[in-house]
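In: Here is a sequence with its predicted model. Questions after.
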Amino acid sequence: MKIVVDENIPFAREAFATLGEVALIKGREATPETLRDCDLFACRSVTRIDAKLLDGSRVRFVGTATIGTDHVDTAYLARRGIAFASAPGSNANSVAEYIAAALLVLARRGGCELAGKTLGVIGVGNVGGCVVRKAEALGMRVLQNDPPRARATGDPRFLSLEALFDADFLTLHVPLTREGRDATYHLADAAFLQRMKPEATLLNTSRGAVADGAALGDALAEGRIADAVLDVWEGEPAVEPRLLSMVAIGTPHVAGYSFDGKVAATEMIYRAACQALGVEPTWSAASIMPPPACPRLELQCSGRPDEDVLREAVAAVYDIEADDRALRELPDGPAERATFFDQLRKTYPERREFPSTALALRGAGEGLKAKLVGMGFRNSENRVGRP
């Protein structure tokens, strides 16, 4: 059995080698020729899965190591009888940690506290739900919007979009869809941005085209909103330099790129492939995960504001400003920008999630301990696993 996998999926060779012969390729270089005699294909969001790629192939299983599936023509796969799996929830904690890190940086730069500020969360699935929990741990007031869930459950916590426009921060966690009642393409358009508070910040870690890049650039340039944090970009990998120059934090589509999240995605699609083939999975990542760079962190907490301690803990595990600095080295030409963007993702350093770090707290009150545990850190009194 021949199996082709994107070379940027960690441990893909080790996992899928239990099922057959594995060939690694660059995701953007997948062609009908490379997949012609392939039985299983494991990809990421950079590969478009459709008839153009798979017609004439013998592929019988496609797995994407991503939570989003807008790059996959699932109707085509169903017509062809090709089994399909994605990795929903695998990087939810990674993205939520990214949002928490961004919010803490913004608060430091703005000389304010997050506690008491309002965060509007648009899309409350696996990722959005995790963001809600971390924001609440930070003491923020959280407003939630998710029209499909609201209709399905009638839960009063799901508010209208209009109710979120008074929030201090608005964060997008929706799939990219272009049709239907809940289409999200250019959800954050000029009219949306006009309804936000002038002091507000927009965060987008979902898909680039959920926000209208040109409209967002104009809103920032004209001061109609205060700031933006973008991990995803309309037209990526060729990031628009004008927009990058105006955002508070810009990163190369790495919010969900924690090592823990990527490995979880590998295991999810590997197990789905085993199920499709009717075989028992024999590979697990648990025994081969490397030790974290920061397994233990001692924090002096006495006499310090809680958010200063939170910032120190978060930055020790994930320095989001380093990712921002890296992207701002963007070269001039469009082709060079695209290559640079992809290279940043390919060579992204191993980033572990907060639960991989145990905290030794000196002089911490119960309130601070609860916040750190709510963010996912471990300490000697409370062991916390990965959400």
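Out: Sure, I can see it. Residues are numbered from 1 along each chain as shown.
In: which stretches of the stretch 151-300 of the chain form strands?
Out: 169-172, 201-204, 227-230, 249-250, 296-300 (DSSP state E, counting those that start in this stretch).
In: how about these in JSON lines, adding mean pLDDT, distance to His71 and mean neighbour count?
Out: C-beta coordinates here come from the backbone N, C-alpha and C atoms, glycine included. What follows is the strands of the stretch 151-300 of the chain, written out as JSON lines (pLDDT from 0 to 100; distance: least, CB to CB, whole Å; neighbours: other CB atoms under 10 Å):
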{"stretch": "strand 169-172", "mean pLDDT": "98", "distance to His71": "18", "mean neighbour count": "26"}
{"stretch": "strand 201-204", "mean pLDDT": "98", "distance to His71": "17", "mean neighbour count": "27"}
{"stretch": "strand 227-230", "mean pLDDT": "98", "distance to His71": "19", "mean neighbour count": "24"}
{"stretch": "strand 249-250", "mean pLDDT": "98", "distance to His71": "22", "mean neighbour count": "22"}
{"stretch": "strand 296-300", "mean pLDDT": "95", "distance to His71": "37", "mean neighbour count": "14"}
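In: Rebuild the ones you listed as CSV, extending it with distance to Trp283.
Out: Shown next, in CSV, are the strands of the stretch 151-300 of the chain (distance: least, CB to CB, whole Å):
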stretch, distance to Trp283
strand 169-172, 35
strand 201-204, 35
strand 227-230, 36
strand 249-250, 36
strand 296-300, 29
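In: now the farthest one out in the protein, which residue is it?
Out: The centre of the chain is farthest from one residue, Gly303, which by CA atoms, centre = their mean lies 34.5 Å away.
In: give the contact list for that residue.
Out: With contact taken as CB atoms under 8 Å, 6 or more residues apart in numbering, Gly303 is in contact with Gly363.
In: you'd agree it is in a strand?
Out: No: using DSSP: H, G, I helix; E, B strand; the rest coil, the assignment for Gly303 is coil, not a strand.
In: among the strands of the stretch 151-300 of the chain, which is nearest Ala115?
Out: Of all the strands of the stretch 151-300 of the chain, it is strand 169-172 that lies closest to Ala115, at 13.1 Å by CB to CB.
In: Could you please name the strands the closest one pairs with and the direction of each pair?
Out: strand 118-122 (parallel), strand 201-204 (parallel) (DSSP bridges).
In: which is the next helix or strand following the longest one?
Out: Going back to what we said before, that points to strand 118-122. Later in the chain than strand 118-122, the nearest helix or strand by DSSP states H and E is helix 126-137.
In: Can you tell me what sits against that following helix?
Out: Helix 126-137 has contacts (CB under 8 Å, 6+ apart) with 67, 88-89, 91-93, 95-97, 99-100, 103, 119, 121-122, 124, 142, 144, 146, 171, 173, 205, 256, 370-371, 373-376, 387.
In: quick revisit: okay, the strands paired with strand 169-172 in a markdown table with distance to Gly154 next?
Out: Shown next, in a markdown table, are these (distance: least, CB to CB, whole Å):
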| stretch | distance to Gly154 |
| --- | --- |
| strand 118-122 | 19 |
| strand 201-204 | 28 |
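In: between these, which gets nearest to Ala42?
Out: Nearest of the strands paired with strand 169-172 (CB to CB): strand 201-204, 26.6 Å.
In: Just the ones of the contacts of helix 126-137 in strands?
Out: In strands, defined here by DSSP state E, the members of the contacts of helix 126-137 are 119, 121-122, 142, 144, 171.
In: re the thing from before, from the contacts of helix 126-137, list the buried ones, please.
Out: By neighbour count, with 16 or more other CB atoms under 10 Å, the contacts of helix 126-137 hold 67, 88-89, 91-93, 95-97, 99-100, 103, 119, 121-122, 124, 142, 144, 146, 171, 173, 205, 256, 371, 373-376, 387 as buried.
In: Show me what secondary structure element comes after the strand or helix carrying Glu33.
Out: Using DSSP H and E, Glu33 sits in helix 32-35. Next helix or strand after helix 32-35 toward the C-terminus (DSSP H and E): strand 40-43.
In: residues in contact with that following strand?
Out: With CB under 8 Å, 6+ apart as the criterion, strand 40-43 contacts 1-6, 9, 12, 16, 19-20, 27, 30, 35, 49, 59-65, 71, 269, 273.
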